[in-house]
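Participant: Have a look at this prediction, sequence included:
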Amino acid sequence: MAEITNTYVSEELYKKFGDAILSTDEPYGMLTVVVEVSSITSVVDWLKKHPVINAHFLTDICGTHFPQIPGKELCAIYHMQSMPNNYRIRLKCFVPITKPEVPSLTGLFPSANWMERETYDYYGIQFIGHPNLQRILNVDEMDYFPLRKEFPLEDGSRTDKDDKYFGR
Amino acid sequence: MSKEITIAEMPAGLEGPGFFATSLEKAIGLARANSIWPLPFATSCCGIEFMATMGSNYDLARFGSERISFSPRQADLLIVAGTIAKKMGPVLRQVYLQMAEPRWVISVGACASSGGIFDTYSVLQGIDKVIPVDVYVPGCPPRPEQILDGFMQIQELVKNESLRRRNSNEYKVMLGSYGIQ
């Protein structure tokens, strides 16, 4: 089997989806594709079912929060892998923090269920169509999304820490 | 190997030929202190140190705690060893509530005592936020000797505790401050 290259995959993606592919990049040799939110399901489905690329494994779903990019504060990131081809690809979907809605992949990959719940738990990204979008790791009573940058990492209830020993 | 056998020290009392008299409190304290049934609530690395404490090298059984209880209903001492996430807090509290009086709690390690290095949104900053604690063992993780020392401190508390303590108003107020009863 011929080795699959980033050039081949990105060309195929542009040929199939055209304007829905916003940009491509290769940080550390891994093809990273920024995809229009509305087409993410079809891109993932196409990569999964493509006879040559065959990216049949959804490795991970995670998020990022960059408050300095207006209109693209939140990002859902998908990692896919083709085990027969030893090939990995990363997809990104930027969404505004005012309307953080991304279609759910649970229809394509049952494993997306918990990963999307985790991403929702930490970043508040709403996965439209998810069967059970609720917190998975944090306490149910938590009323914020802890990995968003506006929330402090440290717990406010700590009493034994004296600020003067931490230079503040 | 030494053949010397140490037995628990006799409490203070009146002694004469054929009899020994002491207070009921002291006799019960002696019995309780040397037959504590611990319930290990081990969640992380401190739990590994506790396993060593139970094992033959350090041997918690020497202190009358051969019987590790994995049911809170038959346990006297709750040994909390390890990081307690906020999500685990209600579970820990439930375990404490299921224990019968008299009950004691020992907090093993920095995480259980104060949150330790995990000063973060997901970790309970010390188990004393949800249940009362009798003895804190510092260390990250503490060595088995330290855990044994903490255990011996508990034995001292048990030995000297007044039989009326658990009925006292002070005790009820203390529990009340944790929202228990």
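Facilitator: Cool, got the structure.
Participant: Give me the distance between the residue of chain A most remote from its centre and residue B:154.
Facilitator: Largest separation from the mean C-alpha position in chain A: residue A:164, at 39.1 Å (C-alpha atoms, centre = their mean). Here the criterion is C-beta to C-beta, to the nearest Å. By it, residue A:164 lies 34 Å from residue B:154. For glycine as for every other residue, the C-beta is placed from the backbone atoms N, C-alpha and C.
Participant: what's the answer for residue B:113, then?
Facilitator: Taken as C-beta to C-beta, the span from residue B:113 to residue B:154 is 15 Å.
Participant: what sits against residue B:131?
Facilitator: B:78, B:92-93, B:96, B:105, B:178 (C-beta atoms under 8 Å, 6 or more residues apart in numbering or on different chains).
Participant: Can you classify it by secondary structure?
Facilitator: coil (DSSP: H, G, I helix; E, B strand; the rest coil).
Participant: any idea which helix or strand comes after the lengthiest helix in chain B?
Facilitator: Counting residues, the longest helix in chain B under DSSP state H turns out to be helix B:144-160. Next along the chain after helix B:144-160, taking DSSP states H and E as the criterion, comes helix B:169-176.
Participant: Only alpha carbons, please: show that next one as CSV.
Facilitator: This file holds the C-alpha atoms of helix B:169-176, laid out as CSV (Å, rounded to 0.1, in the frame of the first residue of the first chain):
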residue,chain,number,x,y,z
ASN,B,169,-23.1,19.3,73.6
GLU,B,170,-19.7,20.5,72.3
TYR,B,171,-19.4,17.4,70.2
LYS,B,172,-22.9,17.9,68.7
VAL,B,173,-22.1,21.5,67.9
MET,B,174,-18.9,20.3,66.2
LEU,B,175,-20.8,17.8,64.1
GLY,B,176,-23.4,20.4,63.5
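Participant: Please report how far residue A:157 lies from residue B:128.
Facilitator: When residue A:157 is compared with residue B:128 (using C-beta to C-beta), they lie 11 Å apart.
Participant: the more surrounded of those two?
Facilitator: More crowded of residue A:157 and residue B:128, by other C-beta atoms under 10 Å in any protein chain shown: residue B:128, with 17 against 12.
Participant: Name the residues of chain A found near chain B, please.
Facilitator: A:137-139, A:142, A:146, A:151, A:153-155, A:157-161 (C-beta under 8 Å from any C-beta of the partner chain).
Participant: quick one on the thing from earlier: would you mark the buried spots in the longest helix of chain B?
Facilitator: B:144, B:146-148, B:150-151, B:154-155, B:157-159 (16 or more other C-beta atoms under 10 Å in any protein chain shown).
Participant: go on, stretch B:39-48?
Facilitator: B:39-43, B:46-47.
Participant: can you check stretch B:87-95 too?
Facilitator: Buried positions in stretch B:87-95, judged by neighbour count with 16+ other C-beta under 10 Å: B:87-89, B:92-93, B:95.
Participant: Just those residues: which are in helices?
Facilitator: B:89, B:92-93, B:95.
Participant: and stretch B:53-66, average pLDDT?
Facilitator: For stretch B:53-66, mean pLDDT is 90.
Participant: start to end distance for that stretch?
Facilitator: In stretch B:53-66, first residue to last residue: 11 Å (C-alpha to C-alpha, to the nearest Å).
Participant: what's that stretch in contact with?
Facilitator: In contact with stretch B:53-66 (C-beta under 8 Å, 6+ apart) are residues B:33-38, B:40, B:52, B:68, B:77, B:144-145, B:147-148, B:151-152, B:155.
Participant: from the chain's centre, how far out does that stretch sit?
Facilitator: 14 Å (C-alpha atoms, centre = their mean, to the nearest Å).
Participant: Show me which positions of it end up buried.
Facilitator: Neighbour-count burial for stretch B:53-66 [16+ other C-beta under 10 Å]: B:53-54, B:58, B:60, B:63-65.
Participant: could you measure residue A:132 against residue A:50, distance?
Facilitator: For residue A:132, the distance to residue A:50 (C-beta to C-beta) stands at 29 Å.
Participant: which residue ranges form the helices in chain B?
Facilitator: B:24-33, B:45-54, B:89-98, B:109-114, B:144-160, B:169-176.
Participant: Only the buried residues of the first one, if you could.
Facilitator: Okay, so that is helix B:24-33. B:26, B:29-30, B:32-33.
Participant: out of the residues you listed, who's near chain A?
Facilitator: Within the buried residues of helix B:24-33, nothing lies near chain A by C-beta under 8 Å from any C-beta.
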